[in-house]
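Engineer: pasting the sequence and the predicted model now:
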Amino acid sequence: MNIDKTDTSKFLYDPKTPESYLKLKEHQEFKASLPHTLPRERIFQYIIWMYDRASDAVRAEYPLYTQRKREVARMVGLIGGTKNRGVENVLIGLNDSVNIMIVKYIKMFNSPEYSKLAIYQEISVHLQRKAISGDIDKALIDNVEKITDAIKDLEVNVFYGKDETELRAELYRTIEDEDLGVTSEQIAQKLAKGQDPLKGVDLYGAGYKPAKMKCMGDK
């Protein structure tokens with residue numbers, strides 16, 4: 001995929017311009033310390049290409065979520081010839097600083113459905129890892145099927161209806177810190193009962209008022 005030829009005019013932040021990185025750094029979450037093996041601008045590029053709602057070309061090119069993570073990391077230069085454990089930790093959600101940045105970026109879209117989709121995708125990855133490790137039972141299979149169906153429905157709503165682990169853990173921590181009354185264990189229990197685990201949950205936190213969304217060039 002040639003990112004130089006990809007239209008980014010509808011992105012919340014243009015991943016091709018240094019001005020975007022400066023604007024992101026105005027948010028406290030994007031000032032978090034990073035090791036020298038994780039160049040900040042490349043991390044910002046990774047987050048934008050991976051999580052911007054307008055990044056349709058990337059989603060079309062790499063429809064599988066885990067594949068998309070790795071290929072986007074390769075695309076922005078985080079993955080090269082030598083193995084980088086820091087990058088691997090980013091991809092599997094073990095870097096808290098990057099997780100916080102991702103959560104913040106997702107929240108900027110002021111879309112509970114998009115936040116829910118991000119959570120469900122990470123839950124799906126977690127369940128798949130359990131299955132691969134051999135920890136399989138009927139409840140796990142049922143949960144995988146339910147999450148897969150939920151993701152498909154949300155993708156249609158979020159990406160095709162625009163007109164109308166630790167990232168998962170970080171999202172849960174954000175929910176719990178904001179006292180929304182839901183934990184990862186409760187989510188698992190609700191899934192097992194066939195219930196929507198995030199029904200009634202305010203994904204922005206009590207009293208949160210979404211800010212007006214701005215694009216590059218807005219004042």
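Structural biologist: Cool, the structure landed. Numbers count the residues shown, from 1 in each chain.

Engineer: what about the strands in this structure?
Structural biologist: Assigned strands in the chain: none (criterion: DSSP state E).

Engineer: domain assignment for it?
Structural biologist: 9-107, 112-192 (automatic domain parsing).

Engineer: quick one: mean pLDDT over the longest one.
Structural biologist: In this model, domain 9-107 carries a mean pLDDT of 91.

Engineer: start and end of it, how far apart?
Structural biologist: Chord length of domain 9-107, first to last residue, is 20 Å (C-alpha to C-alpha, to the nearest Å).

Engineer: number of nearby residues for the nearest residue to Ile3 once chain neighbours are set aside?
Structural biologist: Closest residue to Ile3 in three dimensions, ignoring its sequence neighbours and counting by C-beta to C-beta, 6 or more residues apart in numbering: Met75, at 5.9 Å. C-beta coordinates here come from the backbone N, C-alpha and C atoms, glycine included. Counted with other C-beta atoms under 10 Å, the neighbours of Met75 add up to 22.

Engineer: how much space between Met75 and Ala57?
Structural biologist: As judged by C-beta to C-beta, to the nearest Å, Met75 and Ala57 stand 11 Å apart.

Engineer: shared neighbours, those two?
Structural biologist: Overlap of the contact sets of Met75 and Ala57 (by C-beta atoms under 8 Å, 6 or more residues apart in numbering) consists of Met1.

Engineer: tell me where this structure has helices.
Structural biologist: 18-24, 40-51, 56-61, 65-75, 85-91, 96-107, 112-132, 138-159, 167-177, 184-192 (DSSP state H).

Engineer: list the helices and strands the shortest one packs on?
Structural biologist: Translated: helix 56-61. With contacts defined as 3 or more C-beta pairs under 8 Å, 6 or more residues apart in numbering; DSSP states H and E, helix 56-61 has these neighbours: helix 65-75.

Engineer: any idea of the angle the helix it packs on forms with helix 40-51?
Structural biologist: In this structure, helix 65-75 runs at an angle of 150 degrees to helix 40-51, with axes from the mean of the first three to the mean of the last three C-alpha atoms, to 10 degrees as the basis.

Engineer: quick one: buried residues of helix 65-75?
Structural biologist: Within helix 65-75, the residues scored as buried using 16 or more other C-beta atoms under 10 Å are 65, 68-73, 75.

Engineer: what's the answer for stretch 100-114, then?
Structural biologist: For stretch 100-114, the buried set under the neighbour-count rule, 16+ other C-beta under 10 Å, comprises 100-109, 111, 114.

Engineer: how many other residues sit next to Ala118?
Structural biologist: Counted with other C-beta under 10 Å, Ala118 comes out at 23.

Engineer: do I have it right that it meets Lys104?
Structural biologist: No - if you go by C-beta atoms under 8 Å, Ala118 and Lys104 don't touch, sitting 11.8 Å apart.

Engineer: okay, and the common contacts of those two?
Structural biologist: Shared contacts of Ala118 and Lys104, defined by C-beta under 8 Å, 6+ apart, are absent.
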